[in-house]
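Chemist: Sequence and computational prediction follow.
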Amino acid sequence: MSKVASRYRDPASETLSWRLILILLAVAFLGIVVVLPLVTVFYEAFRKGTGAFIAAFDEPDAIAAIRLTLTVAAIAVPLNLVFGVAAAWAIAKFEFRGKTFLVTLIDLPFSISPVISGLVYVLLFGAQSYLGPILKSQGIQIIFALPGMVLATIFVTFPFIARELIPLMQEQGTGDEEAALSLGASGWQTFWYVTLPNVKWGLLYGVLLCNARAMGEFGAVSVVSGHVRGLTETMPLHIEILYNEYNFAAAFAIATLLALLALVTLALKTVLELRYGDEIAAGRKH
Amino acid sequence: MDVKIKNIRKEFARFPALHDLSLDIASGELIALLGPSGSGKTTLLRLIAGLEQPTEGQIFFGNEDASLKSVQMRNIGFVFQHYALFRHMTVAENIAFGLKVRPSATRPPKAEIRKRVADLLDMVQLSGLEKRYPNQLSGGQRQRVALARAMAIEPSVLLLDEPFGALDAKVRKELRRWLREFHDRTGHTTVFVTHDQEEALELADRVVVMSQGKIEQVGTADDVYDRPGSPFVFSFIGSSSELPVTLKQGAVHFNDRPIGIADQGEGRARLFFRPQDVVLTDGAEALSGKVTACRRLAGTRIAEIDIAHGAGSSDKAHHVEIEVPLDAPVTLGGDLSFRPTRWRLFLES
């Protein structure tokens, strides 16, 4: 009996040998492309010992870079949280002209090269621009300063939260909101007590992705930063500078911090997906 | 509170949903809006609630023009077809919601809210489930929570959109009886939407039959069943058959032959009758046709009959259904003659 049973194969699956080949291929590919580089980061960081590793963080420039990265993310992520929720709310709950155009606009940062994302702000606020000198005369510096880096980061990370919430809110419809309104709740109460709790896990998920990207963004920020050491260098930019100076140990030491951030994000994301999978919209594009 | 709907018109993106519609609802009445899908019944309910704005016309709650008020200001209780319970709140929190969101001047103290919730849970027979979340309840229980939540704000009008639509047949029947008792006990003016005529006729004081954005007839179950006001109502409520006839000097003719019944009027008309309102006859002046099917229905039999047009006509035969006694000599493929005993004629203008 068991022999007969073992000979029977699920029509949708392959033979054992084929399955092994496919699995090995996938594992080998992931190993070379993902795992190996990640291991290298940690290996290089600790190659000259823990002392060198710790020394890399005992640098005013490194500390400034970490502080700046946290500052940029601390400004950009909450702003995108507000913008993203507002955009998703408008798109999912209301009918208006130009809605498809707005959705396309939200996707724009995904399709534009980050370098260009940075460049538009240089063209808009730089010394050669029309606005730049006016702002400068008022003592406002945007390019090669924190505001420009925050703007570039916001631009690049804008779609993450909105994209997460739109399908979720669309699926939930407006029934709950109508119920709240009919019970006498104001628009703000309806949003605060009904709409927001309904999307809270999707929102958290979007914030995580947005934050990871905000801290790791290189291209757009690199263009507007001006690379003033200790002033306008975020962690990714600092890593590049250290690397170009052949200071590999320090470069990789700082890199471990970014890699850790990615791993923590990944872990949190997995936990969220496991626990609230059905509440987090499927079919994302990134 | 009585509700007056005056010449309401509603268009969605230039597509008309309701045409110039008026309706008076007395205080404490239980009204059913009945019609096929697309008849505008849900739109009318949402207009009363203030979830939609009319293109034209007014809605009065008592003597007050409610059409100027927002949905929050109208103080209505709305029960949604799919309940729309707040999934992240417990049963008790759902019911208390309408009271908790009130401005502090009119918000009852916490202890009173708790007592009100307990009373309402008792009223909808769900005591002991206050800590549950909506997804831990059955469909019938959710519907009752939705009702309790709507009742918590002491609404002046209770509006229900297909309240039993998503429930299975048995629960639906139970809840129907329960809602009638509930209404009799609380005395709220209640309007509910349904496409189920049995539900409407059994439950409502008056039924508003709607079709294509218009009210066809308003009346008691007896009115709409026994005295249908339009061809649509006759064919929509209960089962019926229809034949094109001609009136000549008071006699009703089919295929240019008198069929043995008389009525007022002259010219072409549509004849409607119900299966049970016929008598079998041997007389020459009658309707006759070929029996195409015969089925047993409880204490009687239903015969399906094809009544052909006169010789030379290529039109399809007319299909009618009549009730025949169990001992009547009915054979498949055989001829059967009958005459309506009660009918309704609608003259074609």
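Modeler: That came in fine, so what should we check first?
Chemist: Report whether the expected contact of residue A:220 with residue A:115 is present.
Modeler: Yes: shown here, residue A:220 and residue A:115 form a contact pair, counting by Cβ atoms under 8 Å, at 7.0 Å. In short, each C-beta sits where N, CA and C put it, glycine included.
Chemist: Looking at the two, which one has more neighbours?
Modeler: residue A:220 (28 against 12; other Cβ atoms under 10 Å in any protein chain shown).
Chemist: now the strands for the stretch 151-300 of chain B?
Modeler: Using DSSP state E, counting those that start in this stretch, the strands of the stretch 151-300 of chain B run over B:157-161, B:189-194, B:206-211, B:214-219, B:241-248, B:251-254, B:257-262, B:267-273, B:278-280, B:287-297, B:300-307.
Chemist: can you put those in CSV and add mean pLDDT?
Modeler: Below are the strands of the stretch 151-300 of chain B laid out as CSV (pLDDT from 0 to 100):
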stretch, mean pLDDT
strand B:157-161, 94
strand B:189-194, 94
strand B:206-211, 95
strand B:214-219, 94
strand B:241-248, 90
strand B:251-254, 90
strand B:257-262, 87
strand B:267-273, 92
strand B:278-280, 91
strand B:287-297, 88
strand B:300-307, 90
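Chemist: Now distance to chain A and mean neighbour count too, for these, in a markdown table please.
Modeler: Putting these into a markdown table (distance: least, Cβ to the nearest Cβ, whole Å; neighbours: other Cβ atoms under 10 Å in any protein chain shown) gives the following:
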| stretch | distance to chain A | mean neighbour count |
| --- | --- | --- |
| strand B:157-161 | 8 | 23 |
| strand B:189-194 | 14 | 25 |
| strand B:206-211 | 21 | 24 |
| strand B:214-219 | 24 | 20 |
| strand B:241-248 | 39 | 18 |
| strand B:251-254 | 51 | 19 |
| strand B:257-262 | 52 | 17 |
| strand B:267-273 | 40 | 18 |
| strand B:278-280 | 47 | 17 |
| strand B:287-297 | 40 | 15 |
| strand B:300-307 | 42 | 18 |
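Chemist: As TSV, these with distance to residue A:45 would be great.
Modeler: As requested, the strands of the stretch 151-300 of chain B are exported to TSV (distance: least, Cβ to Cβ, whole Å):
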stretch	distance to residue A:45
strand B:157-161	63
strand B:189-194	67
strand B:206-211	74
strand B:214-219	77
strand B:241-248	87
strand B:251-254	98
strand B:257-262	101
strand B:267-273	89
strand B:278-280	95
strand B:287-297	85
strand B:300-307	87
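Chemist: so which of those gets nearest residue B:322?
Modeler: Between residue B:322 and these, the tightest spacing by Cβ to Cβ is seen for strand B:278-280, at 4.6 Å.
Chemist: Chain neighbours aside, what residue packs nearest to the residue in the stretch 151-286 of chain A that chain B sits nearest to?
Modeler: Closest to chain B within the stretch 151-286 of chain A is residue A:183: 3.6 Å, counting by Cβ to the nearest Cβ. Leaving out its chain neighbours, the residue that sits closest to residue A:183 by Cβ to Cβ, 6 or more residues apart in numbering or on different chains is residue B:98, at 3.6 Å.
Chemist: what's the answer for residue B:131, then?
Modeler: Using Cβ to Cβ, 6+ apart, the nearest residue to residue B:131 is residue B:90, at 5.5 Å.
Chemist: To what extent is that neighbour buried, counted in neighbours?
Modeler: Residue B:90: 17 neighbours (other Cβ under 10 Å).
Chemist: thinking it is in contact with residue B:135, fair?
Modeler: No: between residue B:90 and residue B:135 there is no contact under Cβ under 8 Å: 11.2 Å.
Chemist: can you list the residues of the stretch 101-250 of chain B near chain A?
Modeler: Residues of the stretch 101-250 of chain B lying close to chain A (Cβ under 8 Å from any Cβ of the partner chain) are B:101, B:102, B:149, B:150, B:152, B:153.
Chemist: Go again with 10 Å.
Modeler: Contact residues (Cβ under 10 Å from any Cβ of the partner chain) of the stretch 101-250 of chain B with chain A: B:101, B:102, B:103, B:106, B:146, B:149, B:150, B:152, B:153, B:155, B:159.
Chemist: how about the fourth one, what does it touch?
Modeler: It stands for residue B:106. Listed by Cβ atoms under 10 Å, 6 or more residues apart in numbering or on different chains, the contact set of residue B:106 reads A:184, B:99.
Chemist: Looks to me like it is in a strand.
Modeler: No: counting by DSSP: H, G, I helix; E, B strand; the rest coil, residue B:106 is not found in a strand; it is coil.
Chemist: For chain A, what's its nearest residue on chain B.
Modeler: In chain B, the residue that lies nearest chain A is residue B:98 (3.6 Å; Cβ to the nearest Cβ).
Chemist: mind checking which helix or strand that residue is in?
Modeler: Assigned by DSSP states H and E, residue B:98 belongs to helix B:91-100.
Chemist: got it, and residue B:320?
Modeler: strand B:318-324.
Chemist: centre of the chain versus that strand, how much separation?
Modeler: 25 Å (Cα atoms, centre = their mean, to the nearest Å).
Chemist: about what we covered before: any of the residues of the stretch 101-250 of chain B next to chain A buried? List them.
Modeler: Among these, those classed as buried by 16 or more other Cβ atoms under 10 Å in any protein chain shown are B:101, B:102, B:146, B:149, B:150, B:152, B:153, B:155, B:159.
Chemist: what sits against the last one?
Modeler: Pointing back at residue B:159 there. A:182, B:3, B:31, B:33, B:45-46, B:48-49, B:51, B:74, B:76-80, B:150, B:189-193.
Chemist: so what pLDDT did the residue of the stretch 151-286 of chain A closest to chain B get?
Modeler: At residue A:183, the model reports a pLDDT of 94.
Chemist: can I assume it is in contact with residue B:78?
Modeler: Yes: counting by Cβ atoms under 10 Å, residue A:183 does reach residue B:78; the two are 8.2 Å apart.
Chemist: list residues touching both of those two?
Modeler: The contact lists of residue A:183 and residue B:78 share B:71, B:149, B:150, B:155, where a contact means Cβ under 10 Å, 6+ apart.
Chemist: three-state assignment of the first one?
Modeler: Judged by three-state DSSP, the three-state class of residue B:71 is coil.
Chemist: Contact partners for the nearest residue in space to it that is not next to it in sequence?
Modeler: Leaving out its chain neighbours, the residue that sits closest to residue B:71 by Cβ to Cβ, 6+ apart is residue B:50, at 3.7 Å. Each residue near residue B:50 by Cβ under 10 Å, 6+ apart is listed here: A:181-182, B:59, B:66-74, B:76, B:78.
Chemist: now do 8 Å
Modeler: A:182, B:66, B:69, B:70, B:71, B:73, B:74, B:76 (Cβ atoms under 8 Å, 6 or more residues apart in numbering or on different chains).
Chemist: Dump those into CSV; add distance to residue B:249 and neighbour count as well.
Modeler: Listed next are those as CSV, based on distance: Cβ to Cβ, whole Å; neighbours: other Cβ atoms under 10 Å in any protein chain shown:
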residue, distance to residue B:249, neighbour count
A:182, 59, 28
B:66, 53, 26
B:69, 58, 15
B:70, 61, 13
B:71, 58, 22
B:73, 61, 11
B:74, 57, 23
B:76, 55, 28
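Chemist: Quick check: the two most widely separated of those residues?
Modeler: A:182 and B:66 (13.2 Å).
Chemist: Residue A:129 is in contact with residue A:123, isn't it?
Modeler: Yes: here residue A:129 lies in contact with residue A:123, judged by Cβ under 8 Å, at a distance of 6.0 Å.
Chemist: How about the residues of chain A by chain B?
Modeler: Near chain B, when you scan chain A using Cβ under 8 Å from any Cβ, you find A:175-176, A:178-186, A:189, A:193-194, A:197-198, A:200.
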